[in-house]
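> Sequence and predicted model, in that order:
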Amino acid sequence: MSTSLILLIVLIIGVTAYFVARSRAVASANGKLSTLHSLPGYHGTYAAIWALLPAFAVLCVWLVASPVMIEKTIREALPESVTSQGEAPVQLAVGQVMSVAGGLRLLSGDELAALTNGSANLRETLAAKGVPMASEGEPYLLGTAQEYNDLKDGSQLAMTAAVIVIALAGAVFALRGISAPFRARNRVERVMLGALLLASFIAILTTVGIIGSMLSEAIRFFQSVSPSTFFFGTVWDPRFAAAGSGGAEGQFGLLPLLAGTLYIAFVAMLFAVPVGLFAAIYMAEYARPAVRSIAKPLLEILAGIPTIVYGFFALITVGPFLRDFSAELNGLVTGNYVNFIQAQSVLTAGIVMGIMLIPFVSSLSDDIITQVPRSLRDGSLGLGATRSETIKKVVLPAALPGIVGALLLTASRAVGETMIVVLAAGVAARMQLNPFEAMTTVTVKIVNQLTGDLEFNSPQTLVAFALGITLFAITLCLNIYALYIVRKYREQYE
Amino acid sequence: MTEITASSPATFVRPAQTRRDIGIKKRYRAEKRFRVYGVAAILTGLFFLFVLLWTVVSNGYTAFLQTTISLPIEFSEKVIDPKNERADNPAKLMTANYPLLVRDALVKALNIDPANRALVKQATDMVSASARTQLRDIVVANPSVIGTTQTVSLLAEGNIDSANKGQIDLTVAEANRKVKDKQIEWMKMLSESGSLTKSFNTGLFTYGASSRPEAAGIGVAALGSLYMMLIVLVLALPIGVCASIYLEEFAPKNRLTDLIEVNINNLAAVPSIVYGLLGLAVFINFAGMPRSAALVGGLVLTLMTLPTIIIATRAALKAVPPSIRSAALGLGASKMQTIFHHVLPLAMPGVLTGTIIGLAHALGETAPLLLIGMVAFVVDYPGSPMEPSTALPVQIYMWANEAERAFVERTSGAIIILLVFLVIMNLGAILLRRRFERRW
C-alpha cells in the first residue's frame, strides 16, 4: 500500500474517532450537557489525537529507518568479492542493485521466470523496459535485487499493518476512557501547549543548524588548509575547483576579503550615518506632522526595495556615472580624459549600499530619539537653549547609547549585504586603500565559490563555509552587543 | 529680592547698547544651519529614491512593448517534409528546416536576390531565432497548414527591437553598431507596409529563460517564486504564530525563554546569505533534497522570514489589552480558550500585516537562492516544487549580468514587475492595518 494511501486511511480513522467520541460524550451526559467536564468537541479532539499522533510518529520513524535498515541488509548480502574491495565499489554495487530492483518491478511474471532460470539475459530484458545497465551484471545481482524487492515489500506491508493497528488501538483506547467527568480539555490543551513549545524551539534549531552545519563543513576545510593560513593569509587565490581536478592547490587568505568587506561597509556608513541621522533628527524634532507623515514612509520605501535592484542601479547608473564623472574631472584638471574611478569600485558599492542603509539609520534613530523623555527637552528649552542646542547638548547625549546600538545593527547589515557588492564591488581580491579601485568582500566570494558545478569535497567549495562562519561570527557579535545596548537603553527610559 | 529692587531701582536699569552680547544672532544662525542640514538629509534620501525609480522606469517601460514582424509564411511541403514521411514518423516535423521557411518569406517580402548570401544573412538576422520553434509548434499542433500560406507574426531580433524603439544611436559608424544600414532601410519598408509593428509584450510575462533577449521572459521564474511564497506562507505563518503565542503568553520568565528571545532577535539580523549556506548544508547535502528546487528555496526563505513574523506577532499579541484576557478568564474560559478564541482573533490584523511584510521581503531575496542552485537556466515551467526552477529576483540577477542592450531593458522591466508586486503586498498590509486596527 502506498504511503499516501496509509496517510489517508489514518486520517479517516482520526476523523471517525472524533465524531464517535463526540457522540459518546454527549450520550454519557444523559441529556444534561452541563454534567460534562469538557465540551464534546474536546472529547472528539482527544480521541483524534490518540488516533493520529502515535500513528504518524511511527510512520515517520519507519519511513526514515527502513531504507537504512534495508540497505544495511543488502550490504551484508553482497558477495565477499565486492565487500573486500572497500567502500566505493560497495556503494556502486548497492546502487546497481537498487536500479535493477526497480527494473524488475516492471517485468511480467513470464519474463521474471525466464530470468531466474537463466534463459533470458538480465541486461537485455531490462534495456527493453528502459532501464539501462552499464555492464553485464554480476551473477549475484539478480538474487540480491529480488531480495531487496522482497525486503521492501515486507517492510511496506509491516508498516501498513503497524500504523493502522496503532491508529485503531489509539482510537479505541481514547474512546474507552470517555465519560462525563473525564478531563478531556486539559489533556488536549497539554498537547497544544507541547505543539506551541515545539514551534518556538524551531528558532533555536535554526541557530543550532546554522552553527552546526557551517562548523562541520568549516572543520572539513581546516583539515586541508590550516586555520592560521586562512585567518592570517594575505593572498586569495583559490584556483579552480573543476570536478575531478583534485590536486589544484590554492591560497585561501581571508584578510583581503575582510579588508574589502570592512572598507565598503565603512564607506557606506560614512554616507548613510550623517544623512540618516540628520533626517531622523529633523523628523523627530522639527518636522510638522504632515511633513513627517509623508517623508517617513517615502524614506522607508528605500528599505523595502530588494537589494538586487540596488545592485542593478549600481551597475547601470552609479558605476558608469562615477566613471564618466571622474574622466571629465580629470580632463578639466589635467587635460587627460582618463577615468580614475572604476565602474566597479569600493566607492560605487559603498554609495549604493549607503543609500540602502539610510532608512535603517533614520527609522532606528528616530525611534530612539522620540523615546528621550519630554522633560529633558523642556528643561533645556526653559533654560534658554535653542532647539538645536537642546538637541546637540541634551537629546543626543541622552540618546547616544541607543543610537550607537542602532548604528551597530546597521553596520552588521552592511557587512552581510550580498547582492549590491556582487554586482558593484568587483571580484578582485586586493588589499589596498584606494576607494576608486575594485575590491571584493566575503559575501561575494561565498557566492563565487558556490555557484556553478561543484565538487563538495574540495577546499575550493568548503572555504565558503569557513567564510560563512566568519561572517556569522562578526554579525553575531555586532547584533548581540547592539541588541543589548538598545534593550538597556529602552529600560532606562521606561 | 523685592527689597533690593525697591531700595535701589536705578542700578538695574541698563541701556540697551551695553547689554552683554550673548551671541543670540550667531546662535540663531547655527539653529538655522542645523535645520537646513536636516532638510538636506531628507531631500538627499528622497533624491536617491527618485533617481533609483527613474532609472528603473526609464530603462524598463519599453520592455512592455515588443517589435514583431508579420510575414506570409509559405508552409511548403518541399521544405518541411520532402519525402512525405510525417504519417509514419511524426518526429520528422520536429526536425524540419523551419528557418528556411522564414528565409524564403523574407527574401520574397524584401525583394532580395536569393543568391546574394550576405544580404540574405542580414535579412534573416532581423528575425529572432526563436521563429524556428514558433513555426514548429504551429506545424506540430496542426499539420494541415502544410502546403498553405499563413501570415505569422514573428518576434524581431533583439537589436532590431532596440533600433525600432530608438535605443540604438544611428549616428555611429555602421561597422560599429549592431544594426546595419540595409536593415534600417528594410525596417522602414516593413513598417510602412504595416508588417513591422510594436505591440504589447505578452512574452515578457509568459516565456522562460533564453539567451535571446526577445524570447526571454519572467513567466517561469514567477511560477518558481509563487511556489516558494506558498511554501513560506503555509509553513511560516502557523509556526510563527504558535511560537509567538508560546513566548508571549505561556513561557515562564527563565533563562531558556531569554535565550530563545535573544536568539530570535539575532536571527532577524543574520545576513540572508548565511541562510543560503544553511540550506545548502542541511537540506541539500544532508537531507538529500534536489538542488534548484523551489521546495528547498521555500524552506530556506521560511527560516529567514520566521523571526520577522514572530516579532510582528508578539507585538500584535502584546497590543491586545489585558482586560480582554481577564474578562474571558473571569467567565471561566481556560487560558488556551482565552487566547485562541479572543486574543488571537483580535491580534490577527497585526499578525497578517507582519506576515505580508515578511513575504514581501522573502519575495525580493536573492542571495540565499544563489547558493542552493536556483541560478539555473530554466526554460520550462516547473510542474511541482520538486522540479528545478528559478525565482524572479534571481532571473533579474541573471539578466543583469548579460551585456546586450535589450537585456538591460528586460532587466528593468522585470524589476518593475517585481516592484509592482511588492507595492501591492505592502499596500495590502497598510490597508489591512487601516481597516482593522483598533485603538484600545
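Happy to help now that I have it.

> any idea how far residue A:238 lies from chain B?
Residue A:238 sits 16 Å away from chain B, going by Cβ to the nearest Cβ, to the nearest Å. C-beta here means a position set from N, CA and C on the backbone, and glycine is covered the same way.

> How many neighbouring residues does that residue have?
Residue A:238 sits with 22 neighbouring residues when counted by other Cβ atoms under 10 Å in any protein chain shown.

> do the same with residue A:33
Neighbours of residue A:33 (other Cβ under 10 Å): 12.

> and the nearest residue to it once chain neighbours are set aside, what helix or strand is that in?
Sequence neighbours aside, residue A:26 is the residue nearest to residue A:33 in space, at 7.1 Å (criterion: Cβ to Cβ, 6 or more residues apart in numbering or on different chains). Using DSSP states H and E, residue A:26 sits in helix A:3-28.

> Tell me the helices and strands packed up against that helix.
For helix A:3-28, the packing partners by 3 or more Cβ pairs under 8 Å, 6 or more residues apart in numbering or on different chains; DSSP states H and E come out as helix A:40-77, helix A:140-176.

> Sketch out the low-pLDDT regions of chain A for me.
Applying pLDDT under 70 to chain A flags residues A:1, A:119, A:134-137, A:240-249, A:452-455, A:494.

> if we can go back for a sec, between the helices and strands packed on helix A:3-28, which gets nearest to residue B:224?
helix A:40-77 (27.4 Å; Cβ to Cβ).

> in stretch A:201-211, what counts as buried?
Within stretch A:201-211, the residues scored as buried using 16 or more other Cβ atoms under 10 Å in any protein chain shown are A:202, A:203, A:206, A:207, A:209, A:210.

> That one near chain B at all?
Yes - Stretch A:201-211 is in contact with chain B by Cβ under 8 Å from any Cβ of the partner chain, via A:201, A:202, A:203, A:204, A:206, A:207, A:209, A:210.

> From residue A:29, how far off is residue A:181?
Using Cβ to Cβ, to the nearest Å, residue A:181 is found at 10 Å from residue A:29.

> who's more crowded, those two?
More neighbours surround residue A:29 than the other of residue A:181 and residue A:29, with 15 against 9 (other Cβ under 10 Å).

> list the contacts for the more buried one?
Residue A:29 is in contact with A:35, A:36, A:180, counting by Cβ atoms under 8 Å, 6 or more residues apart in numbering or on different chains.

> Out of the residues you listed, flag the one nearest to chain B.
Each of these was checked against chain B using Cβ to the nearest Cβ; the closest is residue A:36, at 13.9 Å.

> what's around the closest one, how many residues?
21.

> separation between the residue in the stretch 201-350 of chain B that chain A sits nearest to and residue B:138?
Closest residue of the stretch 201-350 of chain B to chain A, Cβ to the nearest Cβ: residue B:271 (2.4 Å). Distance of residue B:271 to residue B:138, given as Cβ to Cβ: 49 Å.

> the more surrounded of these two?
Between residue B:271 and residue B:138, residue B:271 has the larger neighbour count (other Cβ under 10 Å), namely 25 against 16.

> Report the contact partners of the more buried one.
Counted by Cβ under 8 Å, 6+ apart, residue B:271 has contacts A:412, A:413, A:415, A:416, A:417, A:418, A:443, A:471, A:472, A:475, B:367.

> and those residues, which of them are in helices?
Under the assignment DSSP state H, these contribute A:412, A:413, A:415, A:416, A:443, A:471, A:472, A:475, B:367 to helices.

> Make a PyMOL selection of the buried ones in the residues you listed.
Only the buried entries of the ones in helices among the contacts of residue B:271 go into this PyMOL selection, using 16+ other Cβ under 10 Å:
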select buried, (chain A and resi 412+413+415+416+443+471+472+475) or (chain B and resi 367)
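
> where does residue A:457 fall, phi/psi-wise?
Main-chain torsions, residue A:457, degrees, to the nearest 10: phi -100, psi 0.

> Identify the residues contacting it.
residue A:220.

> How about residue B:60?
Residue B:60 neighbours (Cβ under 8 Å, 6+ apart): B:409, B:411, B:412, B:413, B:414, B:415, B:416.
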